[in-house]
Structure formats: C-alpha cells, structure tokens
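**Q** Just a sequence and a predicted model for now, questions to come.
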Amino acid sequence: MLRSMMQVFVRNSTEAVALYQKAFHAELLCAYPDDRGGYMHSELNAYGQILAVSEISEDVAIGNTMMFCFHFGAGHEKEVQKAYDVLKEEAVSYTPVGPCDYSPFQFTLIDKFGVHWCLFV
C-alpha cells in the first residue's frame, strides 16, 4: 500500500477546501475541478495526513457515522483551538473545547458540510 487518505464528499467543495485549509493550516496538493464549479477531486495535506475532498451531486444520506479524528498529543492545544475556532462556524457542536475522559483538551462537532470531527491532545 502506498498511502491512505480520508475522503469526504460534500456540497460546495471549493468552500470546504478553503475552510479546511484555514482550520488545519493545510497545503492544497492537487485540485481537479468539475464542470459545476466544485472539485471532482482535491487533496490537502493536513498535518501530514491526506484529506481528500470531492463534490457530491446526489442527495446526502442523513446519519453519517464516520468521524475524522486528529490526535495531536500534549503541547498542541493551539492547533486544536484554531481548528475549533474555524470549524465551529455554522456547525452543530456536540462538545466544545475542554477536557473529557481521554484528553485534557478536545472537541467534537459536525461542520457545516456535515463532516464529523474530533480533535484532541
């Protein structure tokens, strides 16, 4: 296996890519536009992990059970806080930044594109 990546399908993929670039200080590695103004496929380098974002045209099924988790480790609270500050806009927040059973600093939310995130130290 050469690599693994997290792939997400959203509406308004160009807006999602810009948001994730800001939230995760992510480098855009590639972007292949579709004929509707979105991305057929794009890849971001988010802290050494590949986050692939593509436009979805069909109806999205409610009940997303997948969560993307970034475990940063102690001393990386600033990265977690920055991501929370960016992703929380128009998001459904389940747990705001703070301690939990497994981490002294974490959050979970579903962003405005329907993507479920959990970031912690």
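**A** It's in. Residues are numbered from 1 along each chain as shown.
**Q** any idea where the strands of the protein begin and end?
**A** 6-10, 27-33, 39-46, 49-55, 67-71, 92-100, 103-110, 116-120 (DSSP state E).
**Q** got those as TSV, with distance to residue 80 columns?
**A** Heads up, the C-betas are built off the backbone N, CA and C, glycines and all. Below are those laid out as TSV (distance: least, Cβ to Cβ, whole Å):
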stretch	distance to residue 80
strand 6-10	17
strand 27-33	19
strand 39-46	13
strand 49-55	15
strand 67-71	8
strand 92-100	7
strand 103-110	6
strand 116-120	5
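**Q** Would you mind putting those into CSV with mean pLDDT alongside?
**A** Formatted as CSV, these follow (pLDDT from 0 to 100):
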stretch, mean pLDDT
strand 6-10, 92
strand 27-33, 97
strand 39-46, 97
strand 49-55, 95
strand 67-71, 93
strand 92-100, 89
strand 103-110, 96
strand 116-120, 95
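**Q** Output those in JSON lines, with mean neighbour count appended to each entry.
**A** JSON lines is the format used below for the strands of the chain (neighbours: other Cβ atoms under 10 Å):
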{"stretch": "strand 6-10", "mean neighbour count": "18"}
{"stretch": "strand 27-33", "mean neighbour count": "12"}
{"stretch": "strand 39-46", "mean neighbour count": "19"}
{"stretch": "strand 49-55", "mean neighbour count": "19"}
{"stretch": "strand 67-71", "mean neighbour count": "14"}
{"stretch": "strand 92-100", "mean neighbour count": "12"}
{"stretch": "strand 103-110", "mean neighbour count": "18"}
{"stretch": "strand 116-120", "mean neighbour count": "21"}
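**Q** how much space is there between the spatially most central residue of the chain and residue 35?
**A** Centroid check for the chain by Cα atoms, centre = their mean gives residue 20 as the closest residue, at 5.8 Å. Per Cβ to Cβ, to the nearest Å, residue 20 is found 23 Å from residue 35.
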